[in-house]
Structure formats: C-alpha cells, structure tokens
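> Fold the stuff below for me.
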Amino acid sequence: MIQTLHTAATALEAQSANIERISNDLANVNTDGYKRGKTEFSELMYKTDKEPGAQVGAASQTPVGIQTGLGVKVGASHKIFEQGAAKQTGNPLDFMVEGRGFIPVQRQNGEIAYTRVGAFHRDNQGRMVLSNGCQLVPNVVLPANAIAINIKPNGEISAQLPNAEETTLGQIQLATFVNEQGLMAMGDGLYRPTAATGAPIQGIPGEDGLGQIGQSALEASNVNVASSMVEMIQTQRAYEMGTKVMGIADQMLNATVNLK
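Residues are numbered from 1 along each chain as shown. Predicted structure coming up:
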C-alpha cells in the first residue's frame, strides 16, 4: 500500500511538470519567436517478483512473470521548432526567417547565441542589435544618413544614400544544427548549442535548405491556444486521478492498520 502512495506521487509530480510547461507556453502566446514545448513521460523501473520464463518445477517454465510498475517520470522536455505565423511590422530593421535556420547574435559577454527573433534596432554606433543588447553576427553598421534599408531574401543588407547611391552593408547568415531539439533555451528568445546539437552549420539564406529572409516582418509564437487548452484539461484530469488513487490507498491502509 505504501508503494501505491509512492507510485501515485510520481504521477502527481510528472503532471505538475507538464502543467508548468503548458502554462509557460500560454504565457508566451504573444511572444515573438517563441517555440512551444513538449513533455515526454517515461516509465520508472519495475519490481520483478517472477521473471517470465522462470523455471516451475522440474520440466516446465512459466509463460508470464510478475512485475510491478513503480510509477512515471518526465523523460524529456524540449522545444518544437515549427514555423510561426508572419507578423507584418512595417519596421525595415525587422526580419524573420521563413523556413529553417537560426540568427547568430553576440551577447554582451561575447558569447554567440542563436535566435528566431529578428526585432533589430539601431544602437548609438549604428549597429543592428536586439532589445536585449545582442548584436547581429556578422556585425552590420548602418549609415547615419541612410534614407532606406533594404534586406533581400538572400540576407544581403543594403542602404539607399542621399545621393541615390545604393551600398551593400553586410550579409545575414543563418545557422542550423543536426539536432535542434538539443538546444538549451536561455530566455529572451536565445538558444545555446550543447553537446547534443552538434556544431552550428552556417550558410546563406535560401541555400542548402535554409529559409529565406522576410523584411519588415516578425515570426509569431507557434503556440496553438486551442491545443494547449485541451492538453491543460487532460493534464488536470490526470492529476485529479492521481490524487484519488492516493486517497483510496490511504483509506485502504487506514483500514488495514485499524484491523482488530
């Protein structure tokens, strides 16, 4: 009976972790570039009282065994990097990746991170930076007298100057990974590569399967509110069942203790 309480407790812990992930998804439903998560569950080890095929008597074997499950755990929690909807902003420094690929940026501590958020601004030195201070890699400096900034689908950035001259300023590069789900989320829409992702593979937008660049647009969150709400209800029901199992096990244990 004590084992029943422990098994039910593992179910409550697993469903609690799942509802935390769902709540984070719903909280970021309007966060540009946000990617919804997924929680995977795994069985815990089994207690084996009799192995299948164990010897029974001198000349026969049991066709089935006796095993007792010990509960459940969260086996993995990762991001789903499917494409989000396009949001037109009218800001020429905004751009989104239409397809595969991450935008390399440099954090203030010098570390290179990767993001799907293309909401860039001009800092006091003319560099393209995100609101969190991360700088586009490779670095692009925008002329102070530029009349217009153009970003082509292949990532080439150019500026229209007052003398009607158009000058190329730089080239946006994108990065992919062998295992995108191995990326570690850092907040602010940033991801850090890990040993599970493999080394970043850089390339030009539109080449080698990489997505193209869409100017004056941002990628919206890929959270599906309706699906998340259904999943939240299912998780709530599973949590309630776990509490009921604990209550019944407690009643049975109490009846056993009070036997006279």
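> Low-confidence bits of the chain, can you list those?
1, 260 (pLDDT under 70).
> Now the spatially most central residue of the chain. Nearest residue, chain neighbours left out?
The centroid of the chain falls nearest to residue 79 when counting by C-alpha atoms, centre = their mean (2.1 Å). The shortest distance from residue 79 to any non-neighbouring residue, by C-beta to C-beta, 6 or more residues apart in numbering, is to residue 35 (4.4 Å). No exception for glycine: its C-beta is placed from N, CA and C like everyone else's.
> Same check on residue 52?
residue 65 (3.9 Å).
> any idea how far residue 138 is from that neighbour?
To residue 138, residue 65 is 61 Å away according to C-beta to C-beta, to the nearest Å.
> Contact partners for residue 206?
Residue 206 makes contact with 153, 154, 155, 212, according to C-beta atoms under 8 Å, 6 or more residues apart in numbering.
> From the residues you listed, list the buried ones, please.
155, 212 (16 or more other C-beta atoms under 10 Å).
> Let me know the closest of the contacts of residue 206 to residue 242.
Nearest to residue 242 among the contacts of residue 206 is residue 212, at 47.2 Å by C-beta to C-beta.
> How about the contacts made by the closest one?
For residue 212, the contact set (C-beta under 8 Å, 6+ apart) comprises 97, 98, 99, 153, 154, 205, 206.
> let's go with 7 Å and repeat that
Counting by C-beta atoms under 7 Å, 6 or more residues apart in numbering, residue 212 makes contact with 98, 99, 153, 205, 206.
> which residue packs closest to it, ignoring adjacent ones?
Nearest residue to residue 212 in three dimensions, chain neighbours excluded: residue 153, at 4.1 Å (C-beta to C-beta, 6+ apart).
> about what we covered before: isn't the residue nearest to residue 79 right next to residue 80, touching?
Yes. Residue 35 is within contact range of residue 80, at 6.0 Å (criterion: C-beta atoms under 7 Å).
> ok, the residue nearest to residue 212 touching residue 210?
No. Taking contacts as C-beta under 7 Å, residue 153 lies outside contact range of residue 210: 11.0 Å.
> Now do the shared contacts for the two.
Shared contacts of residue 153 and residue 210 (C-beta under 7 Å, 6+ apart): none.
> Need the contact partners of stretch 108-128.
32-33, 93-97, 102-107, 129-131, 133-137, 139-144, 175, 186, 189-192, 218-219.
> In ChimeraX, how would I select just the buried ones from those residues?
The buried subset of those, as determined by 16+ other C-beta under 10 Å, is captured in ChimeraX by this line:
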select :32,33,93,94,95,96,97,102,103,104,105,106,107,129,130,134,135,136,137,140,142,175,189,190,191,218,219
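> if we can go back for a sec, and the residue nearest to residue 212, which of the three is it?
Following DSSP: H, G, I helix; E, B strand; the rest coil, residue 153 is assigned to coil.
> please renumber so the chain begins at 29
Got it, the first residue is 29 from now on, which makes the last one we talked about residue 181.
> residue contacts, it?
Taking C-beta under 7 Å, 6+ apart as the contact definition, residue 181 lies against 233, 234, 240, 241.
> And the first one, its phi and psi?
Torsion angles at residue 233 (phi, psi; degrees, to the nearest 10) stand at phi -50, psi 140.
> ok, residue 190 - how many residues close by?
Neighbour count of residue 190, defined by other C-beta atoms under 10 Å: 9.
> Contact partners for it?
Going by C-beta under 7 Å, 6+ apart, residue 190 touches 173, 175.
> tell me the phi and psi of it?
According to degrees, to the nearest 10, the main-chain angles of residue 190 amount to phi -60, psi -30.
> what's the spacing between it and residue 175?
Note on residue 190: its distance to residue 175, by C-beta to C-beta, is 6 Å.
> Lovely, talk soon.
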